[in-house]
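Trainee: Could you look at this predicted model? Sequence included:
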Amino acid sequence: MFPTVWYSRSRLQGGEFGLFRTYDIRGVFGKEITAEGFFALGKALEKFSKTIVVGMDYRRNNDLLAAALLDGFGGEEAFQGFAPTPATAFNSQALGASLTASHNPPEYNGLKPLKLKRCFYGDELSQLKKEFDRVSEKLPKTARANGVSPSRKADPALLDSYLDSLPEFGSAVFDLAGGAVCSIARAFPKTIFSQPDPMFVRHSPEPTPGALSVLASETRKTPSLGFAFDGDGDRCIAVDSGKIVDSGAATAFFASNFLKKGSRIILTLDVQDEVFVFLRDSGFSVEYSPVGDIFVLKKAEETNADFAAEKAGHYSVFKHMPYSDGVYFAAALSQAKPGELNEFAAQFKNVFLSENIPNAAVDFARLAELAKSGNAERVETIDGVKAAFEDYTFLIRSSNTQPLVRVSVEAKSRERGLEGLAAAKRLLAECKA
């Protein structure tokens with residue numbers, strides 16, 4: 001049941017940073033995130049469409065925030081209830097909103113705006129913020145919510161249509177992390193952490209190696225495949241017989257088994273060069289995008305790509321929809337046999353080293369020139385500088401979310417990796433802005 005709430009304009013944004021972040025809308029409830037803010041967001045979203053599909057994860061306060069959002073939105077609404085973000089995206093033909101804080105800590109709430117079965121891109125998020133600021137100033141000092149209406153009962157047909165779009169699930173163990181994917185637990189042959197856990201007491205919403213220890217153990221006892229999701233289900237991590245499969249290797253496996261030769265694939269720049277070369281040499285058309293799931297999706301849509309992948313576990317299969325769907329990807333890979341992913345991944349042997357340099361200002365144009373003059377075989381400049389040399393590849397780029405420069409090196413051995421890291425840092429020292 002939705003609560004009836006009062007909104008006060010003075011409580012629109014209580015936090016220092018406000019609602020809007022680099023890629024989405026999120027913050028701590030009662031500080032950055034308030035019912036007043038979501039009421040204004042509902043009004044602001046009308047600028048994009050007069051119809052909206054809304055879904056939410058199990059985090060505390062989402063019932064209040066969903067009521068506020070829909071009270072503010074004056075158009076036609078379809079409420080999906082509890083659902084993974086990909087399910088809401090799948091049904092967002094015109095406009096959608098997934099109330100989720102994804103992998104963030106349990107005290108966070110948030111919202112991912114969606115349209116045309118994809119996320120909002122940066123310019124659209126900026127437009128939404130401008131509209132939010134405009135309508136916020138025009139709200140009355142207090143306004144009462146409309147309360148509960150029959151139209152706000154969850155429509156089960158929306159989740160069913162999403163489930164019908166997925167490949168058949170193979171025999172595997174699926175770690176739902178107590179998150180939004182618990183809403184479709186019935187679809188999986190075997191699950192763990194399948195009960196909603198709004199505070200993520202039993203399992204982190206971020207699928208880190210530590211959080212996947214139970215899944216690793218389950219798939220090791222009887223050799224089997226396993227798949228874990230983040231808090232809202234748009235990311236997927238694969239495990240084979242107790243071993244976590246690198247996202248780059250999972251990308252290459254999917255392409256090799258589910259895409260036609262010549263298919264266009266977009267990878268974020270931080271996906272290993274070894275995978276890029278493998279895909280290129282296997283007959284695929286491969287390009288890089290800047291780091292970030294929003295950027296890889298935008299590049300993929302602009303280039304009419306078939307598949308897009310990001311290092312942290314976002315995978316987008318465009319015949320399904322132009323949004324990252326960890327559930328779809330898990331369903332496809334679950335058709336493999338235990339041991340098959342590990343065997344395939346064994347061919348990728350490069351070593352990775354990284355270092356963060358705080359508060360560094362870099363002349364990236366000069367860095368690219370120095371890399372080219374240093375006999376780099378390939379140099380990418382779409383997001384910092386990525387340079388491939390004979391024995392190693394380095395990526396130097398500014399973080400999108402923190403005041404630091406990330407330096408990462410990929411090499412055939414740790415010794416060469418350390419040499420490459422030292423060389424990258426020497427170049428960086430020569431290119432301070």
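Mentor: In hand now; what should we look at? Values in this document were obtained by computation on a predicted structure and should not be read as measured data. Numbering: from 1, shown residues only.
Trainee: Helices of the stretch 51-200 of the chain, start to end?
Mentor: For the stretch 51-200 of the chain, the helices defined by DSSP state H, counting those that start in this stretch cover 62-72, 85-90, 122-138, 156-164.
Trainee: Distance to Leu404 and mean pLDDT added to these, as a markdown table?
Mentor: In short, each C-beta sits where N, CA and C put it, glycine included. As requested, the helices of the stretch 51-200 of the chain are exported to a markdown table (distance: least, C-beta to C-beta, whole Å; pLDDT from 0 to 100):
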| stretch | distance to Leu404 | mean pLDDT |
| --- | --- | --- |
| helix 62-72 | 32 | 93 |
| helix 85-90 | 28 | 98 |
| helix 122-138 | 21 | 93 |
| helix 156-164 | 38 | 97 |
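Trainee: Now do the domain split for the chain, please.
Mentor: Here the domain parsing of the chain from automatic domain parsing is 6-160, 166-345, 351-430.
Trainee: Same list, the ones you listed, but as TSV with mean neighbour count please.
Mentor: Converted to TSV, the domains of the chain look like this (neighbours: other C-beta atoms under 10 Å):
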stretch	mean neighbour count
domain 6-160	20
domain 166-345	21
domain 351-430	17
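Trainee: what about the closest residue to Leu70 other than its chain neighbours, distance to Asn62?
Mentor: Excluding the flanking residues, the one nearest Leu70 by C-beta to C-beta, 6 or more residues apart in numbering is Glu77, at 5.4 Å. The gap separating Glu77 from Asn62 is 16 Å, by C-beta to C-beta, to the nearest Å.
Trainee: one step back: format the helices of the stretch 51-200 of the chain as TSV; extra columns: distance to Arg21.
Mentor: Shown next, in TSV, are the helices of the stretch 51-200 of the chain (distance: least, C-beta to C-beta, whole Å):
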stretch	distance to Arg21
helix 62-72	16
helix 85-90	16
helix 122-138	9
helix 156-164	26
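Trainee: among the ones you listed, which is nearest Ile357?
Mentor: helix 122-138 (25.0 Å; C-beta to C-beta).
Trainee: How about residues contacting the closest one?
Mentor: Helix 122-138 has contacts (C-beta atoms under 8 Å, 6 or more residues apart in numbering) with 9, 12, 19-20, 23-24, 40-41, 43-45, 47-48, 113, 115, 120, 294.
Trainee: Could you rerun that using 7 Å?
Mentor: Applying C-beta atoms under 7 Å, 6 or more residues apart in numbering, the contact partners of helix 122-138 are 12, 20, 40-41, 43-44, 47, 113, 120, 294.
Trainee: and what of stretch 380-399?
Mentor: Residues from elsewhere that reach stretch 380-399 (C-beta under 7 Å, 6+ apart): 269-270, 273, 288-291, 364, 367-368, 371, 375-379, 405-412, 416-417, 420, 424, 428.
Trainee: Format the contacts of helix 122-138 as TSV; extra columns: pLDDT and secondary structure.
Mentor: Formatted as TSV, the contacts of helix 122-138 follow (pLDDT from 0 to 100; DSSP: H, G, I helix; E, B strand; the rest coil):
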residue	pLDDT	secondary structure
Leu12	50	coil
Phe20	90	strand
Ala40	93	helix
Leu41	96	helix
Lys43	96	helix
Ala44	97	helix
Lys47	96	coil
Pro113	97	strand
Phe120	96	coil
Ile294	93	helix
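Trainee: Just name the closest of the residues you listed to Asp57, please.
Mentor: Nearest to Asp57 among those, counting by C-beta to C-beta, is Pro113 at 15.2 Å.
Trainee: which residues does that closest one contact?
Mentor: Taking C-beta under 7 Å, 6+ apart as the criterion, Pro113 is in contact with 45, 97, 120, 128.
Trainee: now Ala94
Mentor: 49, 51, 115.
Trainee: Check Ser213 too.
Mentor: By C-beta under 7 Å, 6+ apart, Ser213 lies in contact with nothing.
Trainee: With only the CA atoms kept, save the strand or helix carrying Gly248 in PDB.
Mentor: For Gly248, the element it lies in under DSSP states H and E is helix 247-258. Presented in PDB, the C-alpha positions along helix 247-258 are these (Å, rounded to 0.1, in the frame of the first residue of the first chain):
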ATOM      1  CA  SER A 247      34.200 -10.000 -17.600                       C
ATOM      2  CA  GLY A 248      36.400  -9.700 -20.700                       C
ATOM      3  CA  ALA A 249      36.600 -13.400 -21.100                       C
ATOM      4  CA  ALA A 250      32.800 -13.600 -20.600                       C
ATOM      5  CA  THR A 251      32.400 -11.000 -23.300                       C
ATOM      6  CA  ALA A 252      34.600 -12.900 -25.800                       C
ATOM      7  CA  PHE A 253      32.700 -16.200 -25.000                       C
ATOM      8  CA  PHE A 254      29.300 -14.700 -25.600                       C
ATOM      9  CA  ALA A 255      30.500 -13.100 -28.900                       C
ATOM     10  CA  SER A 256      32.100 -16.400 -30.000                       C
ATOM     11  CA  ASN A 257      29.000 -18.500 -29.300                       C
ATOM     12  CA  PHE A 258      26.000 -16.100 -29.800                       C
END
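Trainee: Would you mind pulling the contact partners of that helix?
Mentor: The contact list for helix 247-258 (C-beta under 7 Å, 6+ apart) reads 238, 265, 271-272, 275, 278-279, 282, 284, 307, 309, 311, 313, 332-333, 341, 344-345, 348.
Trainee: same deal with stretch 178-198?
Mentor: Outside of stretch 178-198, the residues within contact range by C-beta under 7 Å, 6+ apart are 57-60, 82-85, 100, 159, 163, 169, 171, 173-177, 200, 202-203, 205, 214-215, 218, 229-233, 327.
Trainee: Also stretch 300-313?
Mentor: Residues from elsewhere that reach stretch 300-313 (C-beta under 7 Å, 6+ apart): 235-237, 247, 251, 255, 259, 263-268, 270-271, 287, 293, 296-297, 315-318, 322, 326.
Trainee: okay, how far is it across that stretch, tip to tip?
Mentor: End-to-end span of stretch 300-313 (C-alpha to C-alpha, to the nearest Å): 16 Å.
Trainee: what's the average pLDDT for it?
Mentor: When pLDDT is averaged along stretch 300-313, the result is 97.
Trainee: what do you get for stretch 252-271?
Mentor: Mean per-residue pLDDT for stretch 252-271: 98.
Trainee: Including distance to Arg186, could the contacts of helix 122-138 go into JSON lines?
Mentor: Below are the contacts of helix 122-138 laid out as JSON lines (distance: C-beta to C-beta, whole Å):
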{"residue": "Leu12", "distance to Arg186": "39"}
{"residue": "Phe20", "distance to Arg186": "36"}
{"residue": "Ala40", "distance to Arg186": "36"}
{"residue": "Leu41", "distance to Arg186": "31"}
{"residue": "Lys43", "distance to Arg186": "36"}
{"residue": "Ala44", "distance to Arg186": "35"}
{"residue": "Lys47", "distance to Arg186": "37"}
{"residue": "Pro113", "distance to Arg186": "28"}
{"residue": "Phe120", "distance to Arg186": "30"}
{"residue": "Ile294", "distance to Arg186": "31"}
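Trainee: This completes my enquiry, with thanks.
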